[in-house]
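S.K.: How does the following fold in three dimensions:
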Amino acid sequence: MDSSLKKCHTDRLSSLPDELICQILSSVPTKDAAIASLSSKKMRSTFMYLTTLDFDDSPISYCARNNPQLTERFQNFKTFVDNVLHESQSPHLSKFRLGFGGDLKIWLFHHHHWSRECGKHCFPDLEATELNAWISFPLSRCGVREIDLRIHVGVPGKLPPGLFTCETLEVLKLDTNLELELVSSLPSFRLPNLKVLQLHSIIIPEDDLVGRLVSNCPLLEELDMDCWWEYGKSVTISSPSLQKLVLSMNRDYQYDSPGDLLNIDTPNLKYFEYEDILAVHNSVTSMKAPVQASLNVYCDSGTPEECFRSILNLVKAVCNVQHLSLLFSCLEVLDYEDLINQLPTFHNLKHLEFDTNFSSEWDTVVFEFLMRSPILEVLEFPEGINAWHVIRPDREYHRMISESEPWVSRKNQLCPNLKRIVIKQYRRTKREVELVRFLLENAPALEELLVICKDDVDPAVAEKTLKKLPMASSTCSIKVQ
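M.R.: Got it, this is the predicted structure:
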């Protein structure tokens, strides 16, 4: 574009009303808005009245010993943020986003003190007073509705508690290694309009913090927690307004142990994702009309029967779900001899996923779920089907599907509405072939079988084998990749 065309575009933008220019500049990252504002005096003046500020210097890991230039880059970023905040004259701010310090994965919290030592070298240095000034800036403006902070610093300070007393906030997202001690010490929280709360990487210092926080958010619809729990022994989450709950409880591996009590009372959930070492005692209120649920819970304490009943309680709580994902840990515990008499009927279930990558005995569990899912349409094995036969010490034999009852007696009745089967990480083992055979013989409405092979398996050979299997459906297509 030549200079005359550039000047034409600039003049057209500058000729717009100030309010419209402000809306346009507020809709892009602040760095881009700053560059655009250099085009005219009117644009520079409007830039000072932005109602959305979006600072993002990620994903960068500031390891000075590896790359000193990254430290210099952060200093430039710091200067830019300081200048923009200093020059801002708008009394109103609707959204504030601040991100720097690279991506801190939850597994880095192998030990709290270890993570701090790592952070001294891998994340940028910033004085606590300067960082607090940045975080507190949106709280000094009127009408802020969304604050999104992804902050990881070399020496973690304490998160300003004012974030949890902002009555206009509707969305609060925190992904940070800053500490919550000051927040936890607040006698109460004032978040009457908060609808979305996301907490990632944060260390939860007290078990009752989450329960107190949720109870002070009467309009909360979404709670997403992938946190490090200092204790995690007794956790209660109760909210009639909550529609989405993602709960991942990470603990120190050296002291990994289940909690004593987990109490979830969220009857109106639509989406539920839970990953944890299952509490010794758990109480989960049945959800009225959940759409999707994913369970990945371990049970390392108690008798096999106690573990079975604890996880079965979770499964029963989501029995009205339409889309269910069960990961390997659940499958191992649910493979219990009394399952056939305990599993509820999933009247609304249309999509079922089994992660069997590490589960050695899934046969009974899979078929029990199939028998109790009358309108199931999609069955997936996203991590494939484990090819190893490992017999538990207390088992005299492994129940193979070809010998199991009542599967044989229910031939052609097991999956009357199943339309699609997806199997990934396919190895072409005898066990996998037998499972596919069984499903094809019991799915008269099947439309597609999609098999994705592992890298060392020839798709053409696998497809030839599978297409020789008998099928109850005359319209099923078999695709192998």
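S.K.: Ala317 touches Lys288, doesn't it?
M.R.: No - using CB atoms under 8 Å, Ala317 makes no contact with Lys288, being 10.7 Å away. C-beta coordinates here come from the backbone N, C-alpha and C atoms, glycine included.
S.K.: of these two, who's got more company?
M.R.: Ala317 (24 against 10; other CB atoms under 10 Å).
S.K.: Which residue is the nearest non-sequential neighbour of that one?
M.R.: Val284 (4.1 Å; CB to CB, 6 or more residues apart in numbering).
S.K.: can you tell me which helix in the protein is longest?
M.R.: helix 68-87 (DSSP state H).
S.K.: Quick one: list the elements packing against that helix.
M.R.: helix 30-37, strand 52-56, strand 95-100, helix 128-136 (3 or more CB pairs under 8 Å, 6 or more residues apart in numbering; DSSP states H and E).
S.K.: So which of those is nearest Pro192?
M.R.: Pro192 lies closest, by CB to CB, to one member of these: strand 95-100, at 18.8 Å.
S.K.: circling back to that earlier point, partners of the residue nearest to Ala317 in the sheet?
M.R.: Ile264 (DSSP bridges).
S.K.: Show the contacting residues for it.
M.R.: Contacts here follow CB atoms under 8 Å, 6 or more residues apart in numbering; on that basis Val284 touches Leu262, Asn263, Ile264, Asn313, Leu314, Ala317.
S.K.: go with 7 Å
M.R.: Val284 is in contact with Ile264, Asn313, Leu314, Ala317, counting by CB atoms under 7 Å, 6 or more residues apart in numbering.
S.K.: Please indicate which of those residues are buried?
M.R.: Burial by neighbour count, 16 or more other CB atoms under 10 Å: within the contacts of Val284 this picks out Ile264, Leu314, Ala317.
S.K.: May I have the residues that are in contact with the last one?
M.R.: Listed by CB under 7 Å, 6+ apart, the contact partners of Ala317 are Val284, Thr285, Ser286, Met287.
S.K.: So among these, which ones count as buried?
M.R.: Buried, going by 16+ other CB under 10 Å: Val284, Met287, out of those.
S.K.: Make CSV from the contacts of Ala317 and add pLDDT and distance to Ser15 to it.
M.R.: CSV is the format used below for these (pLDDT from 0 to 100; distance: CB to CB, whole Å):
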residue, pLDDT, distance to Ser15
Val284, 84, 59
Thr285, 83, 58
Ser286, 80, 60
Met287, 84, 54
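S.K.: and which of the contacts of Ala317 is nearest to Leu16?
M.R.: Scanning those for proximity to Leu16, where the rule is CB to CB, the winner is Met287, at 48.9 Å.
S.K.: So that closest one is in contact with Gln322, correct?
M.R.: No - using CB atoms under 7 Å, Met287 is not in contact with Gln322; the gap is 11.5 Å.
S.K.: so the closest residue in space to Leu269 that isn't next to it in sequence, which of the three states?
M.R.: Excluding the flanking residues, the one nearest Leu269 by CB to CB, 6+ apart is Met287, at 4.8 Å. Met287 falls in the coil class when you classify it by DSSP: H, G, I helix; E, B strand; the rest coil.
S.K.: Give me the subset of the contacts of Val284 lying in strands.
M.R.: Among those, DSSP state E puts Ile264 in strands.
S.K.: Of the contacts of Val284, which pair is most distant in space?
M.R.: Farthest pair in the contacts of Val284 (CB to CB) is Ile264 and Asn313. Separation: 10.5 Å.
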